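Enquirer: Predicted model and sequence below, questions to follow.
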Amino acid sequence: MNVLVVDVGGTHVKILATGKAEHREFPSGPALTAEQMVRGVKDLAADWKYEVVSIGYPGPVLHCCPIAEPHNLAPGWVGFDYGAAFGCPVKIVNDAAMQALGSYKGGKMLFLGLGTGLGTAMVVDGIVEPMELGHLPYKKGTFEDYVGIRGLDRVGKKKWRQYVADIVALLIAALEPDDVVLGGGNVKKLKELPPRCRPGDNANAFLGGFRLWEEGTPKPKS
């Protein structure tokens, strides 16, 4: 089966298809709608063959459908018919859950994605549980306000790294995972990883998208 994986982020939409070595991408941002995303993906993948599509969505998803509009993109994602737009079967999961699925090695794993916002998911005994921990209250805002891109831009790298270490420690203490993966594009801005963490890889989002269509692999909880 040829799978097209679409990783929708706050700054870029990245795509990769079965058998391809290099991903492709185009800018996203606060004006991007679902319809524009589909049009951009189809244009970018025009010379690729695919039969099904996996989408990593930056927001909560239930039964393969977005149930809330994304914080960092334009509205219009909830209720959009993705299968009809792509003309093939589509599976949609939270973007952090998709990367967590690609990062999973066993046990109870916490995934934290440091990107435009803060993506969070857990995998417990093979069941992927997307979470929205980034919007929990912290200091004068939320976790995401301090370790997402807005926090980094506001306070600078040194203070941002301290907030990352503090928030990671809080979440580890609360959730008691066996394994912690720090992913997302801003992990490279850390001088060192917090204790008990291993680095993620953005390529794991694509691996998770491919795994969604494989038999016998962990699946998002429905």
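Expert: The structure has been received and is ready for your questions.

Enquirer: roughly how far apart are the most centrally placed residue in the chain and residue 211?
Expert: With distances taken as CA atoms, centre = their mean, the residue of the chain nearest its centroid is residue 95 (2.6 Å). Using CB to CB, to the nearest Å, one gets 14 Å for the distance from residue 95 to residue 211. No exception for glycine: its C-beta is placed from N, CA and C like everyone else's.

Enquirer: Pretty sure the residue nearest to the centre of the chain sits against residue 6.
Expert: No: in this structure residue 95 lies outside contact range of residue 6 using CB atoms under 8 Å: 9.8 Å.

Enquirer: which neighbours do these two share?
Expert: Residues touching both residue 95 and residue 6 by CB atoms under 8 Å, 6 or more residues apart in numbering: residue 56.

Enquirer: Does anything pack onto the longest helix seen in the chain? Which helices or strands?
Expert: As assigned by DSSP state H, the longest helix anywhere in the chain is helix 149-175. If you count contacts as 3 or more CB pairs under 8 Å, 6 or more residues apart in numbering; DSSP states H and E, helix 149-175 packs onto strand 108-114, strand 118-124, helix 143-147, strand 179-183.

Enquirer: For the very next helix or strand once past the last one, name the packing helices and strands.
Expert: Along the chain past strand 179-183, the next helix or strand (assigned with DSSP states H and E) turns out to be strand 197-199. If you count contacts as 3+ CB pairs under 8 Å, 6+ apart, strand 197-199 packs onto strand 179-183.

Enquirer: Quick one: distance of the strand it packs on to the chain centre.
Expert: 13 Å (CA atoms, centre = their mean, to the nearest Å).

Enquirer: Check the average confidence over it, would you?
Expert: Averaged across strand 179-183, pLDDT comes to 96.

Enquirer: how big is the angle separating it from strand 108-114?
Expert: 20 degrees (axes from the mean of the first three to the mean of the last three CA atoms, to 10 degrees).

Enquirer: residues making contact with strand 179-183?
Expert: By CB under 8 Å, 6+ apart, strand 179-183 touches 99-100, 103, 105-114, 119, 168, 172, 190, 193-194, 196-202, 204-205.

Enquirer: one more time with 6 Å
Expert: 99, 103, 107, 109-113, 196-198, 200 (CB atoms under 6 Å, 6 or more residues apart in numbering).
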